[in-house]
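Student: Predicted model and sequence follow; I will ask about them next.
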Amino acid sequence: MAEFTTGEAVALELPIARLPTRATAFFVDVVVQLLLAVMLFVLTVSVLLPSGADTAWLDVAVLVTVVGVLVGYPVVCETASRGRTLGKLVLGLRVVRADGGPIDFRHALTRGLAGAIVDFWMLGAFGAVAVVTSLCSPNARRVGDVLAGTVVVHAQRPLPAPLLAVAPPWLAGWAGPLPLAMLPDDLALAVRQYLSRFRTLTPVVQHELGTALVSAVCQRLQVPVPTGYPPLQILGAVIAERQRRVLPPPMFPVFRPGPVPLRVGP
């Protein structure tokens with residue numbers, strides 16, 4: 001088991017997928033890729049040969065087929081299913097971000113390229129690099145996982161819904177144009193944790209910690225502190241706007257079954 005703290009300040013405990021299970025899933029994927037490669041090559045040849053294409057076109061067809069299968073298959077599958085290839089689906093595995101959230105195309109592409117070049121095929125000695133790096137990693141991460149910031153876990157059970165902030169309407173216009181790219185992840189996480197634990201704090205801590213966070217956030221964003229509003233509402237407006245820009249729409253219930261509002265208004 002490994003503990004993750006999501007971007008919405010939700011603590012998760014997920015079982016890490018170790019080498020035997022991942023190797024089995026990889027074997028299933030290799031079989032699927034071989035079948036897919038044969039089908040694509042036969043289809044391509046059946047189109048090229050009747051047209052009188054020379055050997056150069058056949059070489060291009062082979063190259064496109066190999067690259068498409070080795071890189072395209074895992075990238076398309078993991079992007080479409082948020083972290084699963086057919087092998088992972090059979091074994092009950094899923095690729096997640098290092099904070100436990102669902103991956104996107106960028107993570108899948110990094111893993112796919114690293115798998116084809118470093119972990120398995122071109123420089124990977126048919127998987128030797130992936131095996132060694134997985135054994136040396138506490139969370140069984142191969143090179144592609146390290147580069148993409150991902151982890152492979154057992155995911156038979158759904159993940160809990162994220163805790164999302166809801167901005168007070170009177171601060172939504174103020175938060176809309178904020179340059180939130182200047183807000184570092186560690187400070188944003190501290191704000192989310194403050195919002196999620198607000199009701200468990202004493203009134204003194206609510207005020208002092210909230211005021212300090214508002215000052216730090218506005219300083220990083222280079223904007224004046226709004227006057228006349230409690231820290232809870234200001235921080236809630238900032239995080240709600242940041243989540244609106246960053247988080248994808250709920251496509252797969254296992255990861256995004258729907259927001260759990262964290263009211264920051266009166």
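Tutor: Received it, and whenever you're ready, just let me know what you need.

Student: Pick out the residue closest to the middle of the chain.
Tutor: residue 103 (2.5 Å; CA atoms, centre = their mean).

Student: give me every residue that touches that one.
Tutor: Residue 103 sits next to 78-79, 82-83, 95-97, 148, 150 when contact means CB atoms under 8 Å, 6 or more residues apart in numbering. C-beta: built from backbone N, CA, C; applies to glycine.

Student: Looking at these, which are in helices?
Tutor: Counting by DSSP state H, the part of those found in helices is 78-79, 148.

Student: Go through those and say which is closest to residue 137.
Tutor: Among the ones in helices among the contacts of residue 103, residue 148 lies closest to residue 137 (CB to CB), at 13.4 Å.

Student: The closest one - how many residues pack around it?
Tutor: Other residues lying near residue 148 total 24 when counted by other CB atoms under 10 Å.

Student: ok, it touching residue 111?
Tutor: Yes - counting by CB atoms under 8 Å, residue 111 is a contact partner of residue 148 at 4.9 Å.

Student: Just among the contacts of residue 103, which is most surrounded?
Tutor: Compared across these, residue 83 has the highest neighbour count, 30 neighbours, by other CB under 10 Å.

Student: Okay, strands next: where are they in the stretch 151-266 of the chain?
Tutor: 163-166, 260-263 (DSSP state E, counting those that start in this stretch).

Student: just flag whichever of the ones you listed has the lowest average confidence.
Tutor: Mean pLDDT across the strands of the stretch 151-266 of the chain is lowest at strand 260-263; the value there is a mean of 40.

Student: for the stretch 1-150 of the chain, what spans make up the helices?
Tutor: Using DSSP state H, counting those that start in this stretch, the helices assigned to the stretch 1-150 of the chain run over residues 19-48, 55-67, 73-80, 86-91, 105-114, 128-136, 143-148.

Student: scratch that, the stretch 151-266 of the chain is what I was asking about
Tutor: Per DSSP H, counting those that start in this stretch, the stretch 151-266 of the chain has helices spanning 169-175, 185-196, 203-221, 231-246. These are given in chain order.

Student: Let's see the last one as PDB, backbone CA atoms only.
Tutor: In other words, helix 231-246. Presented in PDB, the C-alpha positions along helix 231-246 are these (Å, rounded to 0.1, in the frame of the first residue of the first chain):
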ATOM      1  CA  PRO A 231     -10.100  34.500   4.400                       C
ATOM      2  CA  LEU A 232     -12.300  31.500   3.900                       C
ATOM      3  CA  GLN A 233     -14.200  33.100   1.000                       C
ATOM      4  CA  ILE A 234     -11.100  34.600  -0.600                       C
ATOM      5  CA  LEU A 235      -9.200  31.300  -0.600                       C
ATOM      6  CA  GLY A 236     -12.300  29.400  -1.700                       C
ATOM      7  CA  ALA A 237     -12.700  31.700  -4.700                       C
ATOM      8  CA  VAL A 238      -9.000  31.200  -5.700                       C
ATOM      9  CA  ILE A 239      -9.100  27.500  -5.400                       C
ATOM     10  CA  ALA A 240     -12.400  27.100  -7.100                       C
ATOM     11  CA  GLU A 241     -11.200  29.100 -10.100                       C
ATOM     12  CA  ARG A 242      -7.900  27.100 -10.200                       C
ATOM     13  CA  GLN A 243      -9.900  23.800 -10.100                       C
ATOM     14  CA  ARG A 244     -12.200  25.100 -12.900                       C
ATOM     15  CA  ARG A 245      -9.200  25.700 -15.100                       C
ATOM     16  CA  VAL A 246      -7.200  22.600 -14.300                       C
END
